[in-house]
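S.K.: 3D model of this:
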Amino acid sequence: MLIDAQVHIWGAPTITRPWPEVHGKPHREIPYGAAEIIAQMDEAGVDRAVIVPPSWEGDRNDLAIDAVSEFPGRFGIMGRLSVPDHRSVDFARWRSTPGMLGLRFTFHRPEMRAWLTDGSAEWIFAGAATHGLPIMMLAPGQSPAVADVARRYGDLTLIVDHLNLPGESGRTEISERIAALTPLIECENVAIKISALPCYTDERAPYPELQLLIRRVVDAFGADRCMWGSDISRLPGNYADWVNCFREGTGPLSASEAAKVGGATLARLLHWPAEGMSVPIS
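M.R.: Below you'll find the predicted structure:
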């Protein structure tokens, strides 16, 4: 089974469903829908994908929930909630929503970066750790802070997106920038998403330099802590070409490594077995 660890879907802002006043730039002007992603997954031979609701829509999960209903068995969700609101969240029932697998946060914009270190997100880390909810996060330049969270909450599974690369990372700097992941290697409860890497290079498929980079990351973290993802809505090349970097025989990984990085590691860490999504966490 091949699972994409990150896709976005979103709709256009409307009067009844507005975007927040301060929002990021979407990956493209035309909204990306679940049906379009399913068609691309089918063409590339991808079985499942994890929907990560994008930050520019605000803290919404509605379209992701609709996609799970529309395409049973194909999507899971890492849901969003507001960090600074400190609203009451029933973490014990978070996964009762069909397809909901955990939580996802971004600490990449100036107003968000401080949340990781000023105590704003502690209630979330504590609640997720207590109730076994994995967290995906993007915190560029803050790997030491992520490592600190991981050490303080040893029962919390943290999954770091895109090798923790910033969206504006220079295309020639990717190899140097991943050296900043070193503080995370020793944290056994931190996994890494090898995702969106074609966005950071000018080379074309079969991505020989990226294949060396993938090998380097898997050697550092181990295949049991690595997972493949696309961030398909901003992927510059063909989806299937990026998929092939994680298939044994077309990429740098052995058959057992490819099976883990291509889906088994994600399914295990998100408690997402093949027979269903909404299951009790063991």
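S.K.: for residue 155, see how far away the closest residue to residue 138 other than its chain neighbours is.
M.R.: Nearest residue to residue 138, sequence neighbours excluded (C-beta to C-beta, 6 or more residues apart in numbering): residue 161, at 4.3 Å. (Each C-beta comes from the backbone N, C-alpha and C, glycine too.) Distance of residue 161 to residue 155, computed by C-beta to C-beta, to the nearest Å: 21 Å.
S.K.: list the contacts of the closest residue in space to residue 49 that isn't next to it in sequence.
M.R.: Leaving aside its chain neighbours, residue 49 sits nearest to residue 4 (4.0 Å; criterion: C-beta to C-beta, 6+ apart). Neighbouring residues of residue 4 by C-beta atoms under 8 Å, 6 or more residues apart in numbering: 41, 46, 48-50, 228-230, 232.
S.K.: need the next SSE after the helix or strand residue 4 falls within, C-terminal direction.
M.R.: Using DSSP states H and E, residue 4 sits within strand 3-7. Of the helices and strands lying after strand 3-7 in sequence (DSSP H and E), the nearest is helix 34-44.
S.K.: now what about the helix or strand just after that following helix, what contacts it?
M.R.: Sequence-wise, the next helix or strand downstream of helix 34-44 (DSSP H and E) is strand 48-51. Contacts with strand 48-51, where a contact means C-beta under 8 Å, 6+ apart, come from 1-9, 34, 37, 41, 64, 67-68, 73-78, 99, 101, 229, 263, 266, 270, 272.
S.K.: quick one: strand 48-51 to chain centroid distance?
M.R.: Centroid displacement of strand 48-51 relative to its chain, using C-alpha atoms, centre = their mean, to the nearest Å, is 9 Å.
S.K.: adjacent strands (with direction) for that strand?
M.R.: Using DSSP bridges, strand 48-51 pairs in its sheet with strand 3-7 (parallel), strand 75-79 (parallel).
S.K.: with just CA atoms, put stretch 253-273 into CSV.
M.R.: Output of stretch 253-273 as CSV, limited to C-alpha atoms (Å, rounded to 0.1, in the frame of the first residue of the first chain):
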residue,chain,number,x,y,z
LEU,A,253,15.5,2.4,-1.2
SER,A,254,15.5,-1.4,-0.7
ALA,A,255,12.2,-3.2,-1.0
SER,A,256,11.6,-3.2,2.8
GLU,A,257,12.6,0.4,3.2
ALA,A,258,10.3,1.5,0.3
ALA,A,259,7.4,-0.4,1.9
LYS,A,260,8.0,1.5,5.2
VAL,A,261,8.7,4.9,3.8
GLY,A,262,6.0,4.6,1.2
GLY,A,263,3.2,3.9,3.7
ALA,A,264,3.8,1.4,6.4
THR,A,265,5.5,3.8,8.8
LEU,A,266,2.7,6.4,8.4
ALA,A,267,0.0,3.8,8.9
ARG,A,268,1.7,2.5,12.0
LEU,A,269,2.3,6.0,13.6
LEU,A,270,-1.1,7.3,12.7
HIS,A,271,-2.9,4.0,13.8
TRP,A,272,-4.4,3.8,10.4
PRO,A,273,-4.7,0.0,9.6
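S.K.: contacts for it?
M.R.: Contacts of stretch 253-273 (C-beta under 8 Å, 6+ apart): 1-3, 5, 47-48, 50, 76, 78, 101-102, 132, 134, 157, 159, 191, 194, 214-215, 218, 223-228, 246-248, 251, 274, 279, 281-282.
S.K.: type out the PyMOL command that picks the buried ones from the residues you listed.
M.R.: In PyMOL, a selection of the buried entries from the contacts of stretch 253-273 looks like this (16 or more other C-beta atoms under 10 Å):
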select buried, resi 2+3+5+48+50+76+78+101+102+132+134+157+159+191+194+214+218+223+224+225+226+227+228+246+247+251
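S.K.: so which of the contacts of stretch 253-273 belong to strands?
M.R.: Judged by DSSP state E, these include 3, 5, 48, 50, 76, 78, 101-102, 159, 191, 194, 226-228 as members of strands.
S.K.: mind checking pLDDT for the residue nearest to residue 38 when sequence neighbours are not counted?
M.R.: Nearest residue to residue 38 in three dimensions, chain neighbours excluded: residue 71, at 5.7 Å (C-beta to C-beta, 6+ apart). Model confidence at residue 71, given as pLDDT, is 97.
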